[in-house]
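Undergrad: how would this look folded up:
(3 chains)
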Amino acid sequence: MIPASWTGRRRVARLLLLVAALALAVSACAPDEGGGGGGDSAGGTVKVGFISPVTGFVAALGTDMRRGWEMYWQQNGAKVGDVTVQTVFEDDTGDPEVALTKARRLVEQEQVQLVAGPILANTAYAVAGYVAGRGLPTLQMTGADDLTQRKYDPHVLRVGYTSSQSNFPAGKWAYDQGHRTAVTICPDYAFGWESCGGFVSAFVDAGGTIKRQVWHPLGTQDFSTYVSQARQANPDVVFVGSAGGPDAILFYKAWTGFGLKDKIPLVGNCCFADQVFLREVGDEALGLQSFTYWVEGRDSEVVQRFVQAYEQQHNEIPSLYAAGAFMMAQVTAEALKKTGGKIEGEEFINAARQVSLSDSLYGALTFDDTNNVVGPVYQTRIAKRDDGTLWSVVENTFPEVSQFGTEGKEAFLQHPVFSRDYTGQ
Amino acid sequence: MTVPRWTAAALAAAGIAAVVAAPYVLPSFAVYLLTLTFIAALLAGSVNLLAGLAGLVSIGHAGIAAAGAYGVAWAAVHDRGIGAQLGVAAALTLAVSVVYALTTMRTSGIVFLMITLALGMTVFGLALKLSSVTGGQNGLTGIGRPQAVDEWWQFYFFTAAVFGLCLVALAVINRSPFGLMLRGIRESPSRMTSLGYSVTTAKFVAVVLSGAFAGCAGVLLVWNSEFMSPSVASFPRSALAVVMVILGGTGTLLGPLVGAGIVVAGEYWLSSYVERWQTVLGAVFILVVLYAPRGVVGTIAALPRRSRKEGT
Amino acid sequence: MSLDELALQALNGLSFGALLFLLASGFTLVFGLMKIVNLAHGAFYLVGGYVGIATFGATRSFPVAVLAGAATAAVFGLASERLLLRRVRGQELPEVLLTVGIALIIADGCLALFGGNPRSIPIPTPLAGSVRLGSYAYPAYRLFVIALAVTVGVALYVVQHRTRLGALIRAGVDDREIAAAMGINVPRVFTAMFVFGGALAGLAGVVAAGLLTLRPGADTDILLFALVVVVIGGLGSLQGAAVGSALIGLVDAFSKVWVPELSYFAVFAPMAIILMFRPAGLFARSRA
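TA: Numbers count the residues shown, from 1 in each chain, chains lettered A, B, ... in the order given. Predicted coordinates:
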């Protein structure tokens, strides 16, 4: 049926060559642009893409974030003026490649005009880099210092505090309490370096000495070595700069297991004694002191309304991840009010930067000119509520703390970002 | 696979046509997923080279890919041009591949597996540790693609072309005397030695060769994302590469591509619609093993033989 | 480092090693008998642990929690072996993919049921205190874990070498065909071993919940450790698993003190060294 000559090798080669040539010719022509969001809201709807890790090792954080974000729109309605805010949710699993792909999907396929999240620093950098590169605005809540410092981009606004920011008051306070020597325990990666950096720079600035800095790998199963190192150095105070979750729980288990709870004063950072921690550790955490920006037990109408509504719906006290996402939603709404419902690249971020709140989940806040929060840092203590559950309450308030500490922007940016090489001393 | 040459050519032409047509008929995000698939398939292909021919399963090849990727990333962040980027990537890929090869050339089976596992973890750990060079956990941003392939569709064609070339190279290696030697080593190393071949040298060359393909995948990966972080070298990435190979059919030419397609579809497409996508993906793995134990392509390849036998 | 310090770190290492032994023993026994590298072993550990935590929350009884966790993991083991693994017996790579698929489903199920929060068991009072060791107060639970691992190890050894059941199993390992020819129901022995391995993993999970925390991803983390232990010790060898876990536990603890920067790779260094001289592991079984 098929001529023998057709099945020859040369015929096959010629066919493939033809196809290849066609392919090359075709590939020189650009197809229609398949994606791209931004611009005016189409028919009164604004589409926002929300990325958070709902599966993977930080699944708890991502789920809380979604809940916090949704709670804002539930409480205040999804309409801002004439515009309805529609959210598309994506899961980044805690992996930067996945986060990037999901961001791409949101921008190109869902045509969102704004991207909020994710949370882990590397995923946030990847997403912010892509979104800003497309000329779209993005709101972040990750703590990575440089996002609003040396890696500042006018399309990126952080609705939150840098990893070092809330620890500046902690360092100064520790010295003012009479502590002259300190040991720090932080995870050995950027968040840990920056958290400890904040405490150390302020503590040393005030006149204190750091006896030892203990760095542990992320995901450490067993903290006994690190705890005993801290104990050996016998400092006046120990600062722990945890990222929360299992590390915080396991560290504290080791700390109490070695009987140090009443021996050496312990001060935690923003994210050490969070709700995830409290749910697992229980009463052993009573009296624990931290410096943070989200205080579930703060005596403020805004906070209590949020906590009550959240608890009613989800049966647990909201964590700082839920609060942070709620804040992102709030800033989105406030900025939309200022732009009259439009989202256009940098202008939206400019409007967001103008947002000034007299009270919010975080307190009275404004934004500085590199798009970071300037707001209060609270010294907190873990206490028991009437119903027996644990939460943090305010002991002291340190208002208007800037990401640049007390140094001011120019001086702060003179030195490199906090790392193992530059620890703030 | 014993398929008449005309059919094979027609299928190949159809495949090429589909690949070329994609950016004109599919939305840009779908094309992005195809790009990811080709890149994943290239890494899986490098694993398949060792597993399919030599019977050596490496569960650390993402480490080699990461070496190539970091080469490009570092050079790009220091404002070097494409030539320098590729040069550093090639040097790093070669260096890491040689380390892999030297440590594994006298081993096989489970030991080979575990050593590659350890090496992959070491690369991951180094990427985290050497943060002044690699950006540590936070990674490196602002890595630009080469100007000529900067647009999404241009980069897609570039990736597809590179994959196509590598596929041809893999096919050539498969049929070459070297490929035969590797297969001989899998069957009986002692026989090959008694025939005068140096088993360790062959394994060394095989690992370095497969490393080259992995390095290519790494370069494409970092140019695609324009971002780099240690997660590229992580254990799950290496494990998924092996999964893709088995899914598609170990030792088949197109197996890695099919396997990559399934995993990428699950991880990046299904996950946007189904919350329990990991359960679905796990179920797919199980179904493939039960009903297509030679892998998807492997089982299809075995079909004509069966039907011919029945017809006799 | 003072003697007290040394003892402290050694105990830390041994207690973590004890946990690893509980996990690795099941893994190595399954491999020794059935030649299956069960990558779902970590998932059995995870689901057993989560069920143990939930059971403890409901009953406040640690022994009941342990039983529940082990039983749950055993059930998953049974289902996996009889329904799935049996159908691809002998094909290595398909077996690997199958166990990966099972692991994914179990882990995702755990996420759906128990959520993403890290969970643990508040140690029950008899074991919650500390024991005086020199100038340190050492957590009693860790000593309990060591004691448990030793007990389990001894029991396994006794069964393997002093009982009929053990003889049956050893026969199945040595020569499957002859064992079958002699009337031993080899498939049933296989299933029983796989179920038992699962139960051990589940037990390890519940015990771990008192020592560490369980969360998504914990299955992969611990599986990696188990793989290293088993490869060092020699696949199929119980003594090997014991020595390997003690070694890895100690290396992990001391590397964190002496070379914290390298603690990441520290666990692989002894593996690499041992494999260089004894590629089949320390206590390799010589195959006929």
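Undergrad: In the stretch 1-150 of chain C, which residue sits nearest chain A?
TA: Across the stretch 1-150 of chain C, no residue is closer to chain A than C:Gly116, which sits at 2.7 Å (CB to the nearest CB). Where you see a C-beta, it was placed from the backbone N, CA and C, and this is true even at glycine.
Undergrad: That residue touches A:Met65, doesn't it?
TA: No. In this structure C:Gly116 lies outside contact range of A:Met65 using CB atoms under 8 Å: 11.3 Å.
Undergrad: More neighbours: which of these two?
TA: A:Met65 (30 against 24; other CB atoms under 10 Å in any protein chain shown).
Undergrad: Tell me which other helices or strands the strand or helix carrying that one touches.
TA: Taking DSSP states H and E as the definition, A:Met65 sits inside helix A:59-76. Contact analysis of helix A:59-76 by 3 or more CB pairs under 8 Å, 6 or more residues apart in numbering or on different chains; DSSP states H and E lists strand A:45-52, strand A:83-91, helix A:301-314, helix A:320-339 as its packing neighbours.
Undergrad: possible to save those as TSV with mean neighbour count?
TA: Listed next are the helices and strands packed on helix A:59-76 as TSV, based on neighbours: other CB atoms under 10 Å in any protein chain shown:
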stretch	mean neighbour count
strand A:45-52	24
strand A:83-91	20
helix A:301-314	15
helix A:320-339	24
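Undergrad: Show me the one of those that comes nearest C:Arg170.
TA: Each of the helices and strands packed on helix A:59-76 has some distance to C:Arg170 by CB to CB; the shortest is strand A:83-91, at 48.0 Å.
Undergrad: Pipe the helices and strands packed on helix A:59-76 into JSON lines and attach distance to chain B and mean pLDDT per row.
TA: As requested, these are exported to JSON lines (distance: least, CB to the nearest CB, whole Å; pLDDT from 0 to 100):
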{"stretch": "strand A:45-52", "distance to chain B": "11", "mean pLDDT": "96"}
{"stretch": "strand A:83-91", "distance to chain B": "6", "mean pLDDT": "96"}
{"stretch": "helix A:301-314", "distance to chain B": "17", "mean pLDDT": "96"}
{"stretch": "helix A:320-339", "distance to chain B": "18", "mean pLDDT": "96"}
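Undergrad: Which among the ones you listed is found nearest to B:Leu270?
TA: B:Leu270 lies closest to strand A:83-91 among these, at 10.9 Å (CB to CB).
Undergrad: tell me how far the helix or strand following the closest one is from the chain's mean position?
TA: Beyond strand A:83-91 on the C-terminal side, the first helix or strand identified by DSSP H and E is helix A:96-104. Centroid separation between helix A:96-104 and its chain, computed with CA atoms, centre = their mean, to the nearest Å, is 17 Å.
Undergrad: does helix A:96-104 come close to chain B?
TA: Yes. Contact check for helix A:96-104 against chain B, using CB under 8 Å from any CB of the partner chain: residues in range are A:96-98, A:100-102, A:104.
Undergrad: Looking at those residues, which is nearest chain C?
TA: For those, the nearest to chain C is A:Val98 (14.3 Å; CB to the nearest CB).
Undergrad: and the closest one, what does it touch?
TA: With contacts defined as CB atoms under 8 Å, 6 or more residues apart in numbering or on different chains, the neighbours of A:Val98 are A:91-92, B:267-268, B:271.
Undergrad: Pull the residues that contact stretch B:106-116.
TA: B:55-61, B:100, B:103-104, B:189, B:200, B:203, B:238, C:37, C:227-228, C:231, C:235, C:271-272, C:275, C:279-280.
Undergrad: Could you tell me whether A:Val355 really is in a helix?
TA: No. With the criterion set as DSSP: H, G, I helix; E, B strand; the rest coil, the secondary structure at A:Val355 is coil rather than a helix.
Undergrad: And the closest residue to it other than its chain neighbours, how close does it get to A:Asp153?
TA: With sequence-adjacent residues excluded and distances taken as CB to CB, 6 or more residues apart in numbering or on different chains, A:Val355 is closest to A:Glu334, at 4.4 Å. When distances are taken as CB to CB, to the nearest Å, A:Glu334 and A:Asp153 turn out to be 21 Å apart.
Undergrad: Which elements pack onto the one helix or strand C:Ala149 maps to?
TA: Using DSSP H and E, C:Ala149 sits in helix C:140-162. Based on contacts counted as 3+ CB pairs under 8 Å, 6+ apart, the elements that helix C:140-162 packs against are helix C:3-34, helix C:125-128, strand C:130-133, helix C:164-174, helix C:186-211, helix C:238-258.
Undergrad: Would the third one count as contacting chain A?
TA: Yes. Strand C:130-133 is in contact with chain A by CB under 8 Å from any CB, via C:Ser130.
Undergrad: Distance from the chain centre to that strand, please.
TA: Relative to the centre of its chain, strand C:130-133 is centred 27 Å away, using CA atoms, centre = their mean.
Undergrad: That strand: which residues count as buried?
TA: Of the residues in strand C:130-133, those with enough neighbours to count as buried (16 or more other CB atoms under 10 Å in any protein chain shown) are C:Ser130.
Undergrad: strands paired with that strand, and their directions?
TA: Strand C:130-133 has the following sheet partners, assigned by DSSP bridges: strand C:136-139 (antiparallel).
Undergrad: Counting neighbours, what do you get for B:Thr103?
TA: Residues lying near B:Thr103 (other CB under 10 Å) number 18.
Undergrad: next one: B:Arg294
TA: Should you count by other CB under 10 Å, B:Arg294 turns out to have 22 residues around it.
Undergrad: Same question for A:Asp64.
TA: 30.
Undergrad: And C:Glu177, by the same measure?
TA: A total of 8 residues lie near C:Glu177 under the criterion other CB under 10 Å.
Undergrad: That one belongs to a helix?
TA: Yes. The assignment for C:Glu177, made by three-state DSSP, places it in a helix.
Undergrad: Just put the residues of helix A:96-104 next to chain B in TSV and tack on pLDDT.
TA: Compiled in TSV, those are given as follows (pLDDT from 0 to 100):
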residue	pLDDT
A:Pro96	95
A:Glu97	94
A:Val98	95
A:Leu100	96
A:Thr101	96
A:Lys102	97
A:Arg104	96
